[in-house]
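> heads up, no residue letters with this:
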């Protein structure tokens, strides 16, 4: 009978040890779960930041393209406006001959007939 009692005590000790190991593993699983949750949140934050960055880069590229198109299509208008302003100022001050003003005006009209 004492032999059975000793074996039952040993079995109880093994069960206690196993129970302690299960509790330790459970704690580690909870820790891993918390780490995984934090990693998931960090990953989602990174993905959101990357989307915003991609959108900003796309917007910047589109803005540069639009500026290039505007410059190509209407860039010469700035030259015309500056030249016209110069012609008006020169005419007001009467420091340029009428032939020079006429020649500059004709050249401007030829460069931008739709303006």
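Good, I have the coordinates. Note that the coordinates shown come from a computational prediction; the quantities given were computed from them, not determined experimentally.
> from residue 62, how far out is residue 55?
With distances taken as CB to CB, to the nearest Å, residue 55 is found 10 Å from residue 62. C-betas here are computed from N, CA, C, even on glycine.
> should've said residue 82
Using CB to CB, residue 82 is found at 29 Å from residue 62.
> can you check residue 95 too?
46 Å.
> and what of residue 39?
Noted for residue 39: a distance of 35 Å to residue 62, by CB to CB.
> ok, longest helix in this structure?
Determined from DSSP state H, the single longest helix within the chain is helix 2-93.
> check the offset of that one from the chain's centre.
Offset of helix 2-93 from its chain centre (CA atoms, centre = their mean, to the nearest Å): 10 Å.
> so after that helix, what's the next helix or strand?
Where DSSP states H and E defines the elements, the next helix or strand beyond helix 2-93 is helix 98-111.
> who does that next one touch, helix- and strand-wise?
When contacts are defined as 3 or more CB pairs under 8 Å, 6 or more residues apart in numbering; DSSP states H and E, helix 98-111 sits against helix 2-93.
> can you pull the pLDDT of residue 80?
Residue 80 is assigned 82 on the pLDDT scale.
> burial count for it?
16 (other CB atoms under 10 Å).
> low-scoring stretches of this structure, by residue?
The chain contains residues with pLDDT under 70 at 113, 115.
> what separates the one residue sitting closest to the centre of it from residue 22, distance-wise?
Residue closest to the average C-alpha location in the chain (CA atoms, centre = their mean): residue 53, at 1.7 Å. From residue 53 across to residue 22, the span is 46 Å (CB to CB).
> also residue 5?
Taking CB to CB, one finds residue 5 at 25 Å from residue 22.
> for residue 64, same thing?
Between residue 64 and residue 22 the computed distance is 62 Å (CB to CB).
> and what of residue 63?
Here the distance between residue 63 and residue 22 works out to 61 Å (CB to CB).
> what does residue 99 give?
In terms of CB to CB, residue 99 sits 105 Å off from residue 22.
> ok, residue 89 next?
Residue 89 is 93 Å from residue 22, where distance means CB to CB.
> residue 105: neighbour count?
Applying other CB under 10 Å, I find that residue 105 has 13 neighbouring residues.
> I'm done for today, thanks for sticking with me.
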